[in-house]
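Trainee: with the sequence up front, the predicted model follows.
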Amino acid sequence: MSIINTLPNLFLSSAHSCSYLPERIANTLFVDPRFPITTEMLWEFNRHGFRRSGNLIYRPHCEGCRSCVPVRIPVATFASSRGQRRTADRNADVTVTAKPPLFDEEHFALFLRYQDARHPGGTMANPDPSTFLRFLVGGQVETTFFEFRQDSALIGVAVVDHLSDGLSAVYTFYDPMLAHRGLGTYAVLWQIQESLRQNLPYLYLGYWVKESPKMSYKIRFQPLEAYQSGLWAPIQV
């Protein structure tokens with residue numbers, strides 16, 4: 001029997017402004033944070049469209065709206081577009097190094113610059129070091145901070161969870177002054193290759209929101225599967 005069906009500690013948040021579509025009201029389904037979640041439980045929740053933010057395991061559950069669609073890339077059949085191949089070529093000089101999920105002043109400074117440029121006034125504006133780590137790291141799963149460097153300069157960090165059937169792209173932040181590199185796209189392309197290297201079938205990308213410009217880019221990674229009505233199936237585009 002599915003863990004989702006046997007776990008009673010699920011709660012629905014009060015109504016709040018949607019972080020993806022600000023004109024809409026949202027509700028979030030979440031697991032009681034006091035409940036001892038095992039790694040296997042987190043994997044199961046992930047396969048049912050939930051996500052992790054720190055120690056919180058959640059899924060949008062909004063009345064009359066299903067715009068937030070969990071998506072994943074079946075990496076063995078991924079076919080890069082011409083634009084994605086150009087992005088990979090532009091970043092051929094980037095080296096990637098795995099780091100443990102610990103506080104690092106250089107990571108934190110880059111995160112602050114990224115937030116100021118991309119999400120001013122957002123929920124993670126002006127965090128302190130402990131808030132930064134609580135946002136990115138949870139105790140239920142193995143997490144890696146992948147550093148992206150050009151020569152010695154840190155230009156990006158991809159925070160990735162290791163699941164039984166794939167990698168999960170938790171959060172990526174990068175130098176906002178290097179928009180021409182397309183580091184957000186490059187980080188996904190690199191994670192696809194890393195999933196293949198680890199013989200994992202999927203890269204989980206979180207939620208695709210067609211109406212949100214900041215989230216709509218995910219549809220450009222094809223083929224792409226969506227979790228809807230209890231099943232994963234290809235998105236028809």
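Mentor: Arrived safely. Keep in mind it's a predicted model, so treat the numbers as computed, not measured. Residues are numbered from 1 along each chain as shown.
Trainee: A79: what's it in contact with?
Mentor: A79 sits next to 222-223 when contact means C-beta atoms under 8 Å, 6 or more residues apart in numbering. Where C-beta positions appear, they are placed from N, C-alpha and C, glycine not excepted.
Trainee: can you do 7 Å?
Mentor: Q222 (C-beta atoms under 7 Å, 6 or more residues apart in numbering).
Trainee: what does S81 give?
Mentor: Residues near S81 by C-beta under 7 Å, 6+ apart: R220.
Trainee: mind checking the backbone torsions on T95?
Mentor: Backbone torsions of T95, given as degrees, to the nearest 10, read phi -110, psi 150.
Trainee: who's the closest spatial neighbour of it, skipping the chain neighbours?
Mentor: R149 (5.3 Å; C-beta to C-beta, 6 or more residues apart in numbering).
Trainee: hmm, that neighbour is touching K99, no?
Mentor: No: at 11.0 Å, R149 does not count as touching K99 under the criterion of C-beta atoms under 7 Å.
Trainee: between these two, who's got more neighbours?
Mentor: A count of neighbours by other C-beta atoms under 10 Å puts R149 above the other of R149 and K99, at 15 against 12.
Trainee: now the strand ranked longest in the chain: buried residues?
Mentor: If you go by DSSP state E, the chain has its longest strand at strand 153-163. Going by neighbour count (16 or more other C-beta atoms under 10 Å), the buried part of strand 153-163 is 154-161, 163.
Trainee: the helix or strand following it - which strands sit beside it in the sheet, and in what orientation?
Mentor: Toward the C-terminus, strand 153-163 is succeeded by strand 166-174 as the next helix or strand (DSSP states H and E). Paired neighbours of strand 166-174 in the sheet (DSSP bridges): strand 153-163 (antiparallel), strand 202-208 (parallel).
Trainee: what residues does the first one touch?
Mentor: For strand 153-163, the surrounding residues in contact (C-beta under 7 Å, 6+ apart) are 43, 46, 52, 106-107, 110, 136, 141-149, 167-175, 178, 183, 187, 191.
Trainee: also stretch 219-230?
Mentor: Contact with stretch 219-230 is made by 49, 69-74, 77-79, 81, 188, 208, 218, 232-235, 237, as judged by C-beta under 7 Å, 6+ apart.
Trainee: skipping its backbone neighbours, what lies nearest R90 in space?
Mentor: Per C-beta to C-beta, 6+ apart, closest to R90 is R181, 5.6 Å.
Trainee: quick one: buried ones out of the contacts of strand 153-163?
Mentor: Buried by 16+ other C-beta under 10 Å: 43, 46, 52, 107, 110, 136, 141, 143-148, 167-175, 183, 187, 191, out of the contacts of strand 153-163.
Trainee: now E44: which helix or strand?
Mentor: helix 39-47.
Trainee: got the buried residues for that helix?
Mentor: For helix 39-47, the buried set under the neighbour-count rule, 16+ other C-beta under 10 Å, comprises 41-47.
Trainee: which among those residues gets closest to L203?
Mentor: N46 (11.9 Å; C-beta to C-beta).
Trainee: for the closest one, give me its contacts.
Mentor: 163, 168, 204.
Trainee: export those residues as TSV, with columns for pLDDT and distance to N27.
Mentor: Listed next are those as TSV, based on pLDDT from 0 to 100; distance: C-beta to C-beta, whole Å:
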residue	pLDDT	distance to N27
L163	95	26
S168	96	23
Y204	97	22
